[in-house]
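In: Provided below for reference: sequence and predicted model.
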Amino acid sequence: MTSISDSFNTLRSQQQCALIPFITAGDPNLATTAEALRILDRNGADFIELGVPYSDPLADGPVIQAAATRALQKGTKLEQVLEMLQDVSPSLKAPIILFTYYNPILHRGIPTFLGEIAAAGVRGLVVPDLPLEEAAQLIQAAAAFGIEVILLVAPTSSQYRIEAIARQSQGFIYLVSVTGVTGMRAQIQDRVQHLLTDMRSVTDKPIGVGFGISAPEQALQVKEWGADAVIVGSAFVKRLAEGSPAEGLQAVAQLCRQLKAVITPVSLPQVGSVR
């Protein structure tokens, strides 16, 4: 599995906008999560963001909070998530980006945590409650394990702070499109376009836009504004939770193909069914 940076370099050389789906590990169960990773990988995902269920998900909206609660109620633990990833990641083309809050990292200790996730095939790390001012230790340690720590820019970030985050973020920069938590929105705010312009003036690193994107037309809008990647979470989590696991898997496969087709028209092999 290649690094986040190398994958973006390849995509840029092909003038492609990346699709990054997000799902919550363990919802409805880890077996379904494993199959969802394979299906997303086959149906157009360029990277896959996997959320570790957490009891106090401060950045997550109701859909992802509910998914994390269901996963925790079924006993899903980080150790089990990593065991599942260790089995699945060698078969995936799309690099895995782990989304976790800082407490599990602190509890294990930074080197131990990084060693465990690297062994499981993780290539990127998003820690939404880790402020820039305290991120240097994790960023420096992660580099030794081949893991890139992706930092977030908020819509309210000053130009000075955007520049500081852009210097430190690895792999790409995660631009949060809304003030608030994750979730599906009816439309993407115009200020995202201005934020992308401001960020382009200070960095040439790839920029991914997330929070609030749920439909193909929104993904296309963000791509046309100049984003290097479109990150979609709640829409995938919602579909995976509806109906039976087989129906949920079919729904995420369809959404993945729809989103990828609109942001980067390519010919994907037809997938008649999911296993």
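Out: Noted; the coordinates are in hand.

In: Buried by neighbour count: which residues of stretch 45-56 qualify?
Out: Residues 45-54 are the ones in stretch 45-56 that count as buried (16 or more other CB atoms under 10 Å). Heads up, the C-betas are built off the backbone N, CA and C, glycines and all.

In: likewise stretch 165-172?
Out: Neighbour counts over stretch 165-172 (16+ other CB under 10 Å) mark 165-166, 169-172 as buried.

In: which of the residues in stretch 222-233 are buried?
Out: Taking 16+ other CB under 10 Å as the neighbour-count basis, stretch 222-233 is seen to contain the buried residues 222-223, 225, 227-233.

In: Of all pairs in those, which one is the farthest apart?
Out: Put simply, by CB to CB the two of these set farthest apart are 225 and 233, 19.0 Å from each other.

In: What about the buried residues of stretch 165-172, which are in helices?
Out: If you go by DSSP state H, these have 165-166 in helices.

In: Which single one of the buried residues of stretch 165-172 is nearest to residue 93?
Out: Sorting these by how near they are to residue 93, with CB to CB, puts residue 171 at the top with 16.4 Å.

In: who's in contact with that closest one?
Out: Going by CB atoms under 8 Å, 6 or more residues apart in numbering, residue 171 touches 3-5, 8, 97, 123-124, 148-150, 206.

In: and the residues you listed as CSV, adding secondary structure, distance to residue 30 and neighbour count?
Out: What follows is these, written out as CSV (DSSP: H, G, I helix; E, B strand; the rest coil; distance: CB to CB, whole Å; neighbours: other CB atoms under 10 Å):
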residue, secondary structure, distance to residue 30, neighbour count
3, coil, 26, 16
4, helix, 24, 24
5, helix, 29, 17
8, helix, 29, 23
97, strand, 18, 26
123, strand, 20, 25
124, strand, 20, 27
148, strand, 25, 21
149, strand, 25, 23
150, strand, 24, 22
206, coil, 30, 22
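
In: Identify, from the residues you listed, the entry nearest to residue 193.
Out: Ranking the contacts of residue 171 by separation from residue 193, with CB to CB as the measure, puts residue 206 on top at 16.9 Å.

In: Would you mind confirming that the closest one makes contact with residue 10?
Out: No. Using CB atoms under 8 Å as the test, residue 206 is too far from residue 10 to be in contact (11.3 Å).

In: Show me where the chain has its helices.
Out: Read by DSSP H, the chain holds these helices, from start to end of the chain: 4-13, 30-42, 62-73, 78-88, 102-108, 110-119, 136-143, 159-168, 191-200, 216-224, 234-241, 245-263.

In: what's the angle from the third one to helix 234-241?
Out: Spelled out, it's helix 62-73. Using axes from the mean of the first three to the mean of the last three CA atoms, to 10 degrees, the inter-axis angle of helix 62-73 relative to helix 234-241 is 50 degrees.

In: circling back: can you pick out the most distant pair from the buried residues of stretch 45-56?
Out: Taking CB to CB as the measure, the buried residues of stretch 45-56 reach their widest spread between 46 and 54, a distance of 25.2 Å.
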